[in-house]
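Engineer: please work out how this folds:
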Amino acid sequence: MAVIRPFRALRPPAERAQAVASVPYDVVNTEEARALAAGKPLSFLHVSRPEIDLPPGTDIHSDPVYRKAVENFEKLIAAAPLEKEAEPSLYLYRLIMGQHEQIGIVAVCSIDEYDNNTIRKHERTRRDKEDDRTRHMIMLRAQTGPVFLTYRTRAGIDAQVAAAIAADPLFDITAEDGIRHTIWRLTDTEGLVNSFAAVPLLYIADGHHRAASASRARAELREQSFTHTGKEDYNYFLTVIFPDSQVQILAYNRVVRDLNGLSKQEFLEAVKRQFTVTESASPAPPQRAQWSMYLDGQWYGLQLAPDATLPASTVTALDVSVLQDRLLDPILGIKDVRTDKRIDFIGGLRGTQELERLVNEGKAAVAFSLYPTTVEELLMVSDANEIMPPKSTWFEPKLRDGLLIHSI
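Structural biologist: Numbers count the residues shown, from 1 in each chain. Prediction:
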């Protein structure tokens, strides 16, 4: 069963929500965060990326950074002001990006279920990133950004959500990127809580490091507690839970800086030994098991030969894995995409025009456009307890930090 629990959110007043809300801490670097927060004293980036208020070059994992996070959080609580709800609530969070709309339930979920894999995972986490967010949570005694979860759609839950959004929202803001964020507060929570009790599994779509850090923070806080009961707020982590039918995954494309010592002709001949190659192809592949490649000002279409045998494993049969195993590794010598500096990744909304620009300007020698990984593929990999290849999913639109905070 899936345990979801109402919580007393720490949140800004409606008239300050626009000023407080910020992009997730992990989609921007320090300089990008500093630019976004410039002239915006209430921006939550001052809390989630506090190094922006310290001298340039400050080690982002140093003690002064975490102390600055606490200082900035306390200032924001007073200045916004951030106030804690009197009663535990659930919330609905709607995102609208162009023609795409998705509505999720904001709740706290059980860390026990995360630890025992009732909340399924598909990504390995890095220890240094876990260290950072674990310390951030413990210093602030708060989870400041949600983990994006999904579940297999249930009509009964959809109906309850549709009925609830007829009420006036708590927040309704449009961010600088044009994405609309609308949040409703639900004080009558029993129906949704009971409905989720019949959901067998939840799945992390995005936010593995936040979830892993919440688990580690719970372990530390439990160790410090003399009266641990299992009901403390630190036993739960902040989530937004969307039905899988509404989740949108965009392509996560690749560019490679050189042809691994091959001439253009040698490279094309090597690719043709692995794929059927067509010229003047579409920049975006129209379906799975097809790839588009941009080389020397031209798009090529790649497709496996009709007699090619795909691997049986769920992971190795993914388009991103086939490209890696049949082209990036054997032809271009990219053994480990996590560490090889010759490869970069272009995700989200930047599209194929960015691939063309990088190649045309000589910043890359070749680019690959992929068909997006599907949500069902992600769920299948998670159910098989396997790990998705690195940089294989890019979720849009992104949730905002700072609108609903879970105190622990």
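
Engineer: residues near residue 342, how many?
Structural biologist: Burial of residue 342 is recorded as 16 neighbouring residues (other Cβ atoms under 10 Å). From N, CA and C alone the C-beta is placed, and that goes for glycine too.

Engineer: wait, what's in contact with it?
Structural biologist: Residue 342 makes contact with 256-258, 332-334, according to Cβ atoms under 8 Å, 6 or more residues apart in numbering.

Engineer: of these, which pair is most distant in space?
Structural biologist: Farthest-apart pair in the contacts of residue 342 is 257 and 333; separation 11.4 Å (Cβ to Cβ).

Engineer: what's near enough to touch residue 201?
Structural biologist: Residues in contact with residue 201 (Cβ under 8 Å, 6+ apart) are 2, 118-120, 151-152, 383.

Engineer: switch the cut-off to 7 Å
Structural biologist: By Cβ atoms under 7 Å, 6 or more residues apart in numbering, residue 201 lies in contact with 118, 120.

Engineer: same question for residue 125.
Structural biologist: With contact set as Cβ under 7 Å, 6+ apart, residue 125 has these partners: 208-209, 212.

Engineer: sorry, back to before: would you list the buried entries among the contacts of residue 342?
Structural biologist: For the contacts of residue 342, a burial check counting by 16 or more other Cβ atoms under 10 Å picks out 256-257, 332, 334.

Engineer: now these in a markdown table, with secondary structure and distance to residue 368?
Structural biologist: Listed next are the buried ones among the contacts of residue 342 as a markdown table, based on DSSP: H, G, I helix; E, B strand; the rest coil; distance: Cβ to Cβ, whole Å:
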| residue | secondary structure | distance to residue 368 |
| --- | --- | --- |
| 256 | strand | 8 |
| 257 | coil | 13 |
| 332 | coil | 10 |
| 334 | coil | 11 |
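
Engineer: wait, which of those residues is closest to residue 45?
Structural biologist: Using Cβ to Cβ, those come closest to residue 45 at residue 257, 31.2 Å.

Engineer: just want the most central residue of the chain.
Structural biologist: Against the mean C-alpha coordinate of the chain, by Cα atoms, centre = their mean, the closest residue is residue 206 at 3.3 Å.

Engineer: domain map for the chain?
Structural biologist: Domains of the chain are assigned by automatic domain parsing as 4-249+396-407, 252-371.

Engineer: residue 234 versus residue 51, what's the distance?
Structural biologist: Applying Cβ to Cβ, to the nearest Å, the value for residue 51 to residue 234 is 25 Å.

Engineer: wait, residue 104
Structural biologist: Taking Cβ to Cβ, one finds residue 104 at 23 Å from residue 234.

Engineer: low-confidence ranges, this protein, go.
Structural biologist: Of all residues in the chain, those with pLDDT under 70 make up the ranges 310-312.

Engineer: can you tell me which strand in it is longest?
Structural biologist: strand 100-110 (DSSP state E).

Engineer: how about that strand as PDB, C-alpha atoms only?
Structural biologist: Written as PDB, here are the backbone C-alpha positions of strand 100-110 (Å, rounded to 0.1, in the frame of the first residue of the first chain):
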ATOM      1  CA  HIS A 100       0.400  20.200 -21.600                       C
ATOM      2  CA  GLU A 101      -1.300  20.100 -18.200                       C
ATOM      3  CA  GLN A 102      -0.700  17.800 -15.200                       C
ATOM      4  CA  ILE A 103      -2.100  17.800 -11.600                       C
ATOM      5  CA  GLY A 104      -0.400  16.100  -8.700                       C
ATOM      6  CA  ILE A 105      -1.200  15.600  -5.000                       C
ATOM      7  CA  VAL A 106       1.300  17.200  -2.600                       C
ATOM      8  CA  ALA A 107       1.700  15.000   0.500                       C
ATOM      9  CA  VAL A 108       4.400  13.600   2.600                       C
ATOM     10  CA  CYS A 109       5.300   9.900   2.000                       C
ATOM     11  CA  SER A 110       6.800   7.300   4.200                       C
END
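
Engineer: ok, that strand: who's next to it in the sheet?
Structural biologist: strand 4-5 (antiparallel), strand 90-97 (antiparallel), strand 236-243 (antiparallel) (DSSP bridges).

Engineer: and that strand, what's buried?
Structural biologist: So for strand 100-110, counting by 16+ other Cβ under 10 Å, buried means 102-110.

Engineer: what does that strand contact?
Structural biologist: In contact with strand 100-110 (Cβ under 7 Å, 6+ apart) are residues 3-7, 90-95, 119, 146, 161, 165, 192, 202, 236-242, 246-248, 404, 406.

Engineer: so how far is residue 124 from the closest residue in space to residue 174 that isn't next to it in sequence?
Structural biologist: Distances taken as Cβ to Cβ, 6 or more residues apart in numbering place residue 180 nearest to residue 174, at 4.9 Å, with adjacent residues excluded. For residue 180, the distance to residue 124 equals 33 Å [Cβ to Cβ].

Engineer: look at the two and report which has more neighbours.
Structural biologist: Neighbours per residue, other Cβ under 10 Å: of residue 180 and residue 124, the larger number sits with residue 180, 14 against 11.

Engineer: perfect, I'm done here.
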